[in-house]
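need a 3D model of the sequence below.
(2 chains)
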Amino acid sequence: MTGGEVGTGETIVFWVCGTLAVIGALGMVISRKAVHSALFIALTMINLAILYVANSAPFLGMVQIIVYTGAVMMLFLFVLMVVGVDASDSLIETIKGQRVAALLMGIGFSILLIAGLGNGLMETSSIGLETANSANGGNVEGLAMLIFTDYLIAFQVTAALLITAAMGAMILTHRERWYPRKTQRELSEERFAAGTHPGQLPPPGVYARHNAVDTPALLPDGSTSDLSVPEPLRARDDVREIDTDDIEGIRKLSSGSSTTDEGDR
Amino acid sequence: MNPANYILLSALLFSIGAIGVLVRRNAIIVFMSVELMLNSANLAFVAFARMNGNLDGQVVAFFVMVVAAAEVVVGLAIIVTIFRTRRSASIDEPNLLKY
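The predicted structure is shown next:
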């Protein structure tokens, strides 16, 4: 762990991880798909964890990886799965010119913030955490000392907060069942009342001499059943033609003569 | 290099998060931008703790993480509930409170 001053190694770490973090943040804002945004912000959070470790905060770095990139981002991806990955932004502005105004405001805000902070902070010196970390035998021990003495009440309140959050999530996502569950009898009656064919569709290749899905089933009158070929194949016109030689072979077989030219197939 | 550069990086990330909140319309991406702003504040806390030689900043950052985790749970539950009733994750859609 480094002290107050920043060495060469840490400077390199700062520029590499800082650049990656900013790239991730920009990608999160810019990318059109929500999943890409989630992956970009995961990149930012991992790099921030490295920067925490570089700042003599190894415990926070680990917590950042476990809580943020592990739990929170997985929760985000899970909700994206529920809400729909393709739920993209509408480009219609509810307030006219809001996007441009927001962009200008954000850029102005960042210039103001960075200029002000840079002016105020460039002269400061840094003490470093070596003495604070070694006072109790390490970073984790030092944090534990503070949490369980000075910040004990706050720590207990966060416990209550976490339980409340879990309860809130369960109550918010709980769905009331408005109608009683349908029984098997009701489902069956519904299916027959619809008037369509209640059974399954004919499987492909029945009575034909191939069992590939693009082979239509042969009907007793020699024609083929369109229903037996899956819909996408029919839409693509990929239905296989019926081989008339095959049909001849079947006819010969069923009329009793055992010698067909394709009997070995 | 001065450790104050960490503060500047955190300010930059905070601004990007703020722009994200203002520009994007998808509720989940807005939420991620809020998370980015919280994270940049954490980076500032950690850097200030190091500059002042005091662990209190790290404890505060730790509490921010706990609160952010709770906030994510409840916020995502609200987004899922709104999506279930309105079939949309856009933050412009739920406007019934306006009237």
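
identify the residue nearest A:Pro203 in space, chain neighbours excluded?
Residue nearest to A:Pro203 in three dimensions, not counting chain neighbours: A:Ser228, with 6.2 Å by CB to CB, 6 or more residues apart in numbering or on different chains. Where you see a C-beta, it was placed from the backbone N, CA and C, and this is true even at glycine.

now do that neighbour, the pLDDT please.
Looking at A:Ser228, its pLDDT stands at 82.

for it, what are its contacts?
For A:Ser228, the contact set (CB atoms under 8 Å, 6 or more residues apart in numbering or on different chains) comprises A:Leu201, A:Pro202, A:Pro203, A:Pro204, A:Gly205, A:Val206, A:Pro216, A:Ala217.

same thing with A:Leu162?
So A:Leu162 contacts B:Val66, B:Ala69, B:Ala70 (CB under 8 Å, 6+ apart).

go on, A:Phe155?
Counted by CB under 8 Å, 6+ apart, A:Phe155 has contacts A:Ile147, A:Phe148.

try it again at 6 Å.
A:Ile147 (CB atoms under 6 Å, 6 or more residues apart in numbering or on different chains).

what number of residues are in the vicinity of A:Gly205?
Number of residues near A:Gly205 (other CB atoms under 10 Å in any protein chain shown) recorded here: 19.

I misspoke; the intended subject was B:Lys98.
5.

then A:Gly120?
Residues near A:Gly120, counting by other CB under 10 Å: 11.

tell me the SS of it?
helix (DSSP: H, G, I helix; E, B strand; the rest coil).

coming back round to it: dump the contacts of A:Leu162 to CSV, plus pLDDT and neighbour count.
Formatted as CSV, the contacts of A:Leu162 follow (pLDDT from 0 to 100; neighbours: other CB atoms under 10 Å in any protein chain shown):
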residue, pLDDT, neighbour count
B:Val66, 92, 19
B:Ala69, 91, 19
B:Ala70, 93, 19
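
between these, which is closest to B:Ser33?
Taking CB to CB as the measure, B:Ser33 lies nearest B:Ala69 of these, at 16.9 Å.

now do that closest one against A:Val67, distance only.
Using CB to CB, to the nearest Å, B:Ala69 is found at 6 Å from A:Val67.

repeat for A:Gln156
Distance from A:Gln156 to A:Val67, by CB to CB: 19 Å.

mind checking pLDDT for B:Arg84?
The model's pLDDT for B:Arg84 equals 84.

also A:Leu48?
95.

for it, list the residues it contacts.
Here A:Leu48 is in contact with A:Ala21, B:Asn39, B:Leu43 (CB under 6 Å, 6+ apart).

make it 7 Å
A:Ala21, A:Gln64, B:Asn39, B:Leu43 (CB atoms under 7 Å, 6 or more residues apart in numbering or on different chains).

farthest-separated two in those residues?
So, the contacts of A:Leu48 by CB to CB: farthest apart are A:Ala21 and A:Gln64, at 11.7 Å.
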